[in-house]
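> structure, please.
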Amino acid sequence: MVYYTDAPEYNKRIVAGYYLFLCLIGFAIFLGPTGSGIPITLIGDDNRYEHDLASPGVQYDVDDCRTCHEDQFDYWNDTAHPTHDLTFNGTHVIGLHGERNATYFNETCAPCHATGYDSTDDSWDSLGVDCFACHDTSAPYVTYDGEVCGTCHYPGYHANQNPYPDWELSIHANSMTDLRSSDHAASYCMHCQATESFIHQQNPGSLSTDVSTDFDVDGDYNSISCPACHSVHGNWSSNDAQIRAANATELCGLCHVGTHHPHYEVWIGGSHDLAGVECTDCHGYQLIFYRGSWRGTLNHTFAIDPDVACGQSEDCHEGMETWALGQLEMRGDAFDALVDEITEVAEALEAEVALYNVTGANVTLANLVQDAVDDAMDAVHYYGYDSSKGFHDGAETFTALNDVYADMLEAKATFYLNKAPAGILGGDTLMLALLGGGGIVVGLVLGLLLGKRQ
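I've put the predicted structure just below:
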């Protein structure tokens, strides 16, 4: 084929330049918006690439955000952050606890109730907390450490809106530190230990970065912070607390499940759950003195203060705190006693089976006993990891523990009947009854007391 007819040297340079241009364009596309500086929109791609809002022609107006992020905008617009009832007439801001002059508003309210507040001249860009309060204009992403929330939700004018310093003292705030120091840290722990992992698990593809379920424990991830539980422009934002679930209990239940942290599983179906009590009604409930009266609010350390929580209203045990705390103590003591007894019998029986195996055991008989011991200890560990000592659901907890204890004692009886000489049967059987009777009686008596109280 003939490509060049006139001035071949000149045409060759043109063609070479043309192909070089195509290569550069291809290289720019390969690098993407960040590397090339060319604004490329990938149609159909779910990931939102970072874009520079400081580019020429782009105005700092939240309506510009709505053009591309319509769902997020609408969800945010239904929260308390926009503060729709605020208006400014040039001298006064109207709608925030009545009418405030501009000087008072700028000095007292604007740092948290206006976007773009500048302390040097007490100016601001817009009323309310809009997109630019959290998203930087030169790199519109938000980190997942929760620090941007702490700029307002920190001790200040409103004593009941300052959860950030409490959260800093919580287990949640140290979840990644604790995980990394653990001797059994693994990637499958991450979905409840890192904010990015938790959000990705609940909303795959919702983050601006491409993440998978195989998270690196040593990666650059944040502990469970504000954005993990609260979604300011997600489809759960319309509820008062803007949490990522229908209610606080369901939110806690996204992580507090499983063999080693079964709090939600044990709680569901218990007497307090059936009465409509949520996790945060006890965990973190505190009283603060605010504007002339004591008010209940949530301490984000999520520490429990039974003295306050049990008597918080007439719907709970107001005026009956002494009785309620007595019930709690009784239940805890009975749990400890039953667990200690089960553990003692299980360890002794396991030692006997181990010795029996050395002397030429009946494998079927040994396995029967060992399985019963394992089931008993699994139940002890499961309800021990629940950490409530029967409070979350006393009926389930004590029924389950008594059942596995009875099964273990039955296996022990079978073991003695089939491995010991006939002359020892009477003594062993009597000893078995004496050893096991105490735990079962403790459990049954407690069950009767709990049933009567409930």
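
> tell me if I'm right that residue 287 and residue 299 touch.
No - shown here, residue 287 and residue 299 do not form a contact pair, counting by Cβ atoms under 8 Å, at 9.8 Å. To be clear about C-beta, it is placed using only N, CA and C from the backbone, and glycine gets the same treatment.

> more crowded one of the two?
residue 299 (21 against 15; other Cβ atoms under 10 Å).

> OK, contacts around the more buried one?
163, 166, 284-286 (Cβ atoms under 8 Å, 6 or more residues apart in numbering).

> between those residues, which sits nearest residue 326?
residue 285 (19.6 Å; Cβ to Cβ).

> now the closest residue to that closest one other than its chain neighbours: how far from residue 287?
In space, and not counting its chain neighbours, residue 285 is closest to residue 309: 4.5 Å by Cβ to Cβ, 6 or more residues apart in numbering. Distance, residue 309 to residue 287, by Cβ to Cβ, to the nearest Å: 10 Å.

> now do the buried residues in the helix or strand harbouring residue 375.
Using DSSP states H and E, residue 375 sits within helix 363-386. Judged by neighbour count (16 or more other Cβ atoms under 10 Å), helix 363-386 contains these buried residues: 365-366, 368-370, 372-373, 375-377, 379-380, 382-383, 386.

> JSON lines for the contacts of residue 299, including secondary structure and pLDDT?
Converted to JSON lines, the contacts of residue 299 look like this (DSSP: H, G, I helix; E, B strand; the rest coil; pLDDT from 0 to 100):
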{"residue": "163", "secondary structure": "coil", "pLDDT": "91"}
{"residue": "166", "secondary structure": "helix", "pLDDT": "93"}
{"residue": "284", "secondary structure": "coil", "pLDDT": "92"}
{"residue": "285", "secondary structure": "strand", "pLDDT": "92"}
{"residue": "286", "secondary structure": "strand", "pLDDT": "90"}
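
> how about the strands in the stretch 301-450 of the chain?
Assigned by DSSP state E, counting those that start in this stretch, the strands in the stretch 301-450 of the chain number zero.

> show me where it has helices.
Counting by DSSP state H, counting those that start in this stretch, the stretch 301-450 of the chain has helices at residues 306-309, 321-358, 363-386, 394-419, 425-453.

> one step back: next, count neighbours for the residue nearest to residue 285.
22.

> equivalent analysis for residue 340, please.
By the criterion of other Cβ under 10 Å, residue 340 has 12 neighbours.

> over to residue 239?
For residue 239, using other Cβ under 10 Å, the count is 15.

> tell me which helix or strand it sits in.
Using DSSP H and E, no helix or strand contains residue 239.

> now do the contacts for it.
Per Cβ under 8 Å, 6+ apart, neighbours of residue 239: 246-247.

> so what does it have for phi and psi?
The phi/psi pair for residue 239 (degrees, to the nearest 10) reads phi -70, psi 160.

> hmm, back to that, how much space separates the residue nearest to residue 285 from residue 202?
In terms of Cβ to Cβ, residue 309 sits 28 Å off from residue 202.

> likewise for residue 408?
Counting by Cβ to Cβ, the gap from residue 408 to residue 202 is 40 Å.

> higher neighbour count, those two?
residue 408 (25 against 17).

> touching, the more buried one and residue 349? I think so.
Yes - with contact defined as Cβ under 8 Å, residue 408 reaches residue 349; the gap is 7.1 Å.

> quick check: neighbours shared by these two?
Common contacts of residue 408 and residue 349 (Cβ under 8 Å, 6+ apart): residue 373.

> all strands for the stretch 151-300 of the chain, in order.
285-290, 293-298.

> distance to residue 344 for the ones you listed - can I get that in CSV?
Below are these laid out as CSV (distance: least, Cβ to Cβ, whole Å):
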stretch, distance to residue 344
strand 285-290, 37
strand 293-298, 41
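
> which one of the ones you listed lies nearest to residue 153?
strand 293-298 (11.8 Å).

> by contact count, what packs against that closest one?
strand 285-290 (3 or more Cβ pairs under 8 Å, 6 or more residues apart in numbering; DSSP states H and E).

> ok, back up a step: okay, angle between the helix holding residue 375 and helix 321-358 too, please.
Put simply, helix 363-386 runs at 150 degrees to helix 321-358, going by axes from the mean of the first three to the mean of the last three Cα atoms, to 10 degrees.

> run through who's touching helix 363-386.
Under the criterion Cβ under 8 Å, 6+ apart, residues 259-263, 266, 335, 339, 342-343, 346, 349-350, 353, 356-357, 390, 392, 397, 400-401, 404-405, 407-408, 410-412, 414-415, 418-419 lie in contact with helix 363-386.

> from the chain's centre, how far out does that helix sit?
Relative to the mean C-alpha coordinate of its chain, helix 363-386 is positioned 31 Å out (Cα atoms, centre = their mean, to the nearest Å).

> put the alpha carbons of that helix into CSV.
Provided in CSV are the C-alpha atoms of helix 363-386 (Å, rounded to 0.1, in the frame of the first residue of the first chain):
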residue,chain,number,x,y,z
VAL,A,363,-14.2,-44.6,72.4
THR,A,364,-17.9,-44.2,72.1
LEU,A,365,-18.3,-43.7,75.8
ALA,A,366,-15.4,-41.2,76.0
ASN,A,367,-16.8,-39.2,73.1
LEU,A,368,-20.2,-39.1,74.6
VAL,A,369,-18.8,-37.5,77.8
GLN,A,370,-16.4,-35.2,75.9
ASP,A,371,-19.2,-33.9,73.7
ALA,A,372,-21.4,-33.1,76.7
VAL,A,373,-18.4,-31.3,78.3
ASP,A,374,-17.8,-29.3,75.2
ASP,A,375,-21.4,-28.3,74.8
ALA,A,376,-21.5,-27.2,78.5
MET,A,377,-18.4,-25.1,78.1
ASP,A,378,-19.5,-23.6,74.8
ALA,A,379,-22.6,-22.4,76.5
VAL,A,380,-20.6,-21.0,79.4
HIS,A,381,-18.4,-19.1,77.0
TYR,A,382,-21.3,-17.9,74.8
TYR,A,383,-23.3,-16.4,77.7
GLY,A,384,-20.1,-15.2,79.3
TYR,A,385,-19.2,-13.3,76.1
ASP,A,386,-22.7,-11.7,76.3
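
> before I go, just wanted to say thanks for your time.
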